[in-house]
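Asker: here is a sequence with its predicted model. Questions after.
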Amino acid sequence: MAAAPASVVLWFVGGKSWCGEEVYDTPSRSVGDTLCSSLVEPVVPWALVAALPFAFVVTGGLIALHRRDGRLFALAIALPFVFVAAAVLAALAA
């Protein structure tokens, strides 16, 4: 459950940065408009992308518990937050 907030942040910030709430006169087929119409507005692709941090934690955590590897477990917990931080910075830069 630790990665659920990370998934929510990725969902909200990424979706808002690509689609926005205000209307701008951007050139047709700009990167933000293309990503918004192909990835965010259909919901399912963006939901799958936003669920990746949670999937990383579950998969890595289960493997770490099975192998009884504390370092792998710590990595499985930390990796989603690094992924979300990088994705949010990339989304805000776009």
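Answerer: Ah, there it is.
Asker: rest of the way, CA atoms for contacts and neighbours
Answerer: Fine.
Asker: run through who's touching the helix or strand that contains L10.
Answerer: Counting by DSSP states H and E, the element that carries L10 is helix 4-19. Here helix 4-19 makes contact (CA atoms under 8 Å, 6 or more residues apart in numbering) with 32-33, 35-36, 40, 46-47, 50-54, 80-81, 84, 87-88, 91-92, 94.
Asker: so which bits of it are buried?
Answerer: 4, 6-11, 13-15, 17-19 (16 or more other CA atoms under 10 Å).
Asker: export these to CSV and tack on pLDDT and distance to G70?
Answerer: Shown next, in CSV, are the buried residues of helix 4-19 (pLDDT from 0 to 100; distance: CA to CA, whole Å):
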residue, pLDDT, distance to G70
A4, 71, 21
A6, 71, 22
S7, 74, 23
V8, 74, 26
V9, 74, 27
L10, 73, 27
W11, 73, 29
V13, 73, 32
G14, 70, 32
G15, 71, 34
S17, 69, 36
W18, 66, 37
C19, 72, 40
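Asker: picking up where we left off before, any of the contacts of helix 4-19 buried? List them.
Answerer: By neighbour count, with 16+ other CA under 10 Å, the contacts of helix 4-19 hold 32-33, 35-36, 40, 46-47, 50-54, 80-81, 84, 87-88, 91 as buried.
Asker: now the element after the helix or strand of the chain with the lowest mean pLDDT, going C-ward?
Answerer: Using mean pLDDT, DSSP states H and E, helix 31-35 stands out as the lowest-scoring helix or strand of the chain, at a mean of 70. Moving toward the C-terminus from helix 31-35, the next helix or strand (DSSP H and E) is helix 44-50.
Asker: what sits up against that following helix?
Answerer: Outside helix 44-50, the residues within contact range by CA under 8 Å, 6+ apart are 7-8, 10-11, 15, 39-40.
Asker: what is the longest helix along the chain packed up against?
Answerer: Longest helix in the chain, counting residues (DSSP state H): helix 70-93. Applying 3 or more CA pairs under 8 Å, 6 or more residues apart in numbering; DSSP states H and E, one finds that helix 70-93 contacts helix 4-19, helix 52-67.
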